[in-house]
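Asks: Mind folding the following:
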Amino acid sequence: MDSLPAELLSIIFTLSASPEFSDSDSDSNNPAVSPCCGYMSWVPCQLSTVCREWRYVALSTPELWSKIIVNLEDATNSRICATSPLPEFTVTSMYLSRSGNYPLDILIDARDPDWDYSESDVSSAGHTPSPDDDDDDYVHPFSVQHMETVLRLIIHHFRRLRTLAIFTDRWAPMHKALLYLTWAYKSQAPPPGISCAPLLESLVLVRHNEHMNFTEPFSPPGLRDPSWLPLFNPILTHLGALPRLKNLNLRGVHIKWPFLPWWLPSPLNSAGLQELELCYHCDEVRPSTAEFRAMLERCPNLSSLTVRVSGPCCQENEEVRMAGCLRTNARQMLSMPRLTTLTLGWMDEFDAILILHMIDAPNVRTLTLDGSYVQDEDNAEALLLYCGIGSTDPRESEGRPVFPHLRSVSIWHVRAPLHSFAEFFESATRVKALTLVEVTMDAYFALMPATLMAITPSLFIPCPTLEKLWITGYNDAKKAIINVLRTRKAYGARFPEVQLDATLLDEPALVVGGECVMMESDEVSGDDCSHQ
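Replies: Here you go, the predicted model:
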């Protein structure tokens with residue numbers, strides 16, 4: 001190592017701190033949320049203390065210090081010194097200084113693993129509770145004042161921001177963050193026509209309390225009304241206040257929806273926004289139909305759209321609820337030819353239909369339908385019909401599938417009649433991967449050849465190109481599922497690779513690949529199966 005040139009040593013140092021990702025789906029380990037996720041932020045400090053040469057190289061490599069993670073440890077300085085008091089966010093200040101002029105990736109994680117789900121402190125005890133503490137003594141260790149302190153440090157470096165992600169569990173710290181980001185334009189005072197965050201490509205704002213987020217009324221009510229639009233430069237409405245923004249993720253966080261289109265990059269001067277995620281907003285703070293439509297009009301080049309319990313409510317568009325709602329009868333739909341990934345989660349299936357009624361996205365390849373947020377007997381009958389035939393009435397059809405090029409479909413916690421699943425699966429002629437999580441038996445039977453279900457007089461195999469099938473929460477339907485697959489094979493479909501999990505937490509209980517089935521010997525018989 002001593003003989004390596006400084007340039008090569010600098011590259012090695014940078015790679016040594018690169019993210020290590022686990023199999024966890026949490027935001028803290030998801031590189032799509034922030035480049036800081038999984039980043040070993042302690043590595044630069046350790047490298048700089050090995051020897052004089054390494055310290056010189058480390059301090060001369062601004063990229064090494066450009067990923068900044070702000071969390072409870074930094075707030076309490078436990079990484080720097082556990083015994084003597086130091087100013088708050090010493091690590092953050094050090095990284096900001098040592099990163100020079102290099103573009104910044106910043107993650108502010110203000111969550112507490114021991115949070116008691118309260119929205120305010122009821123005591124001034126000032127500590128995170130231990131198992132023996134009384135719940136009433138809980139004080140959140142990352143307070144509004146902590147958020148204000150760290151943003152005061154960061155605000156002067158916004159022009160270097162490349163990505164920014166903020167996680168909170170309470171609303172008050174997020175509210176403070178939104179206010180500070182709104183004031184950023186005034187504090188930075190950039191020249192006319194210049195963005196205060198010209199390099200920003202990704203903005204992720206997440207309030208990790210999804211059930212509180214979409215439960216009526218909004219809580220806390222005193223902080224409900226939005227008076228903010230982060231990093232907004234009112235002079236740049238024609239170009240977009242954030243000209244390089246590619247990813248916007250607002251989960252449980254609402255902003256000034258009417259002004260959002262002016263804030264997004266103009267598709268005339270760039271590719272525009274690529275990924276948009278709106279999740280977990282109660283009715284009081286959701287965008288209206290007009291606001292949501294204006295938002296989508298500003299980003300026609302979207303490749304990924306996720307809307308879970310957000311977007312416009314159907315109450316203001318009752319015509320969508322009418323039986324026989326046809327896409328051909330819809331008002332001018334927004335053309336979104338580059339949209340390839342679509343995820344919808346709903347409390348009212350007609351909210352999801354309203355979104356589909358608004359867009360024309362024939363090139364969607366990956367579709368996720370998530371009914372986890374509603375417990376009705378049938379929570380997606382009309383939605384499945386609409387996805388399959390472009391109508392909420394099975395007697396009417398648009399004549400072509402809404403998503404003719406689907407390759408991968410995931411259906412979570414959806415309950416609907418057999419005919420709804422059948423219509424949707426019959427339209428999915430190119431699907432190769434299908435995920436079914438805690439659905440009703442009708443979803444499995446809908447994969448049967450159509451003649452056996454008497455849906456149509458002619459033979460038709462739903463999802464005829466299916467290659468992979470993942471089923472979770474199948475209860476006692478194992479034999480029925482295998483029988484469905486064998487019947488499909490008898491009518492000419494291939495026997496797909498199958499993974500069955502009893503619950504989301506279980507290891508696979510059954511794997512079927514080609515002509516091989518791994519199960520207990522008394523559950524499977526036939527010439528097409530063999531044990532391993």
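Asks: so where's the stretch 301-450 of the chain uncertain?
Replies: Scanning the stretch 301-450 of the chain for pLDDT under 70 picks out the ranges 316-331, 375-376, 398-399.
Asks: what are the ranges of the helices in it?
Replies: With DSSP state H, counting those that start in this stretch, the ranges of helices along the stretch 301-450 of the chain come out as 349-356, 381-389, 418-427, 441-445, 450-453.
Asks: could you redo these as TSV and give each row mean neighbour count and distance to residue 72?
Replies: In short, each C-beta sits where N, CA and C put it, glycine included. Below are the helices of the stretch 301-450 of the chain laid out as TSV (neighbours: other CB atoms under 10 Å; distance: least, CB to CB, whole Å):
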stretch	mean neighbour count	distance to residue 72
helix 349-356	24	36
helix 381-389	25	41
helix 418-427	24	45
helix 441-445	19	43
helix 450-453	16	56
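Asks: who touches the nearest residue to residue 435 once chain neighbours are set aside in this structure?
Replies: Residue nearest to residue 435 in three dimensions, not counting chain neighbours: residue 410, with 4.0 Å by CB to CB, 6 or more residues apart in numbering. Neighbouring residues of residue 410 by CB atoms under 8 Å, 6 or more residues apart in numbering: 366, 367, 368, 369, 434, 435, 437.
Asks: tell me which of the residues you listed is nearest to residue 395?
Replies: Distances from residue 395 to those, taken as CB to CB, are shortest for residue 369 (22.7 Å).
Asks: Nearest residue to that closest one in space, please, no chain neighbours.
Replies: residue 411 (5.1 Å).
Asks: Check what contacts whichever helix or strand residue 276 is part of and list those residues.
Replies: Per DSSP states H and E: residue 276 is located in strand 275-279. Defining contact as CB under 8 Å, 6+ apart, one finds that strand 275-279 is touched by 210, 213, 246-252, 287, 295, 299, 302-311, 345.
Asks: Give the partner strands of that strand in its sheet and their orientations.
Replies: Applying DSSP bridges, strand 275-279 is found paired with strand 247-251 (parallel), strand 304-308 (parallel).
Asks: and residue 205, helix, strand or coil?
Replies: Reduced to three states with DSSP: H, G, I helix; E, B strand; the rest coil, the structure at residue 205 is strand.
Asks: Tell me the pLDDT of it.
Replies: At residue 205, the model reports a pLDDT of 95.
Asks: hang on, isn't it packed against residue 247?
Replies: No. Between residue 205 and residue 247 there is no contact under CB atoms under 8 Å: 11.6 Å.
Asks: Could you check which of the two has the larger neighbour count?
Replies: Neighbours of residue 205 and residue 247, each counted by other CB atoms under 10 Å, are more numerous for residue 205; the result is 23 against 19.
Asks: which parts of the longest strand seen in the chain are buried?
Replies: Assignment by DSSP state E gives strand 161-168 as the longest strand of the chain. By 16 or more other CB atoms under 10 Å, the buried positions in strand 161-168 come out as 161, 162, 163, 164, 165, 166, 167, 168.
Asks: Ok, stretch 430-450 next?
Replies: Within stretch 430-450, judged by 16+ other CB under 10 Å, the buried ones are 430-440, 442-450.
Asks: Same check on stretch 63-80?
Replies: Of the residues in stretch 63-80, 63-72, 74-77 count as buried by neighbour count, 16+ other CB under 10 Å.
Asks: Just give me the closest of these to residue 152.
Replies: For the buried residues of stretch 63-80, the residue nearest residue 152 by CB to CB is residue 70; the value is 12.2 Å.
Asks: The residue nearest to that closest one when sequence neighbours are not counted and residue 377, how far apart?
Replies: Leaving out its chain neighbours, the residue that sits closest to residue 70 by CB to CB, 6+ apart is residue 108, at 4.5 Å. Residue 108 sits 42 Å away from residue 377, going by CB to CB, to the nearest Å.
Asks: Looking only at neighbour counts, state which of those two leads.
Replies: A count of neighbours by other CB under 10 Å puts residue 108 above the other of residue 108 and residue 377, at 28 against 9.
Asks: How many residues are close by residue 51?
Replies: Neighbours of residue 51 (other CB under 10 Å): 12.
Asks: ok, residue 365 to residue 343 distance?
Replies: Residue 365 sits 12 Å away from residue 343, taking CB to CB as the criterion.
Asks: repeat for residue 494
Replies: With CB to CB as the criterion, residue 494 and residue 343 are 28 Å apart.
Asks: Look at the two and report which has more neighbours.
Replies: It is residue 343, of residue 494 and residue 343, that has more neighbours when counted by other CB under 10 Å, with 18 against 14.
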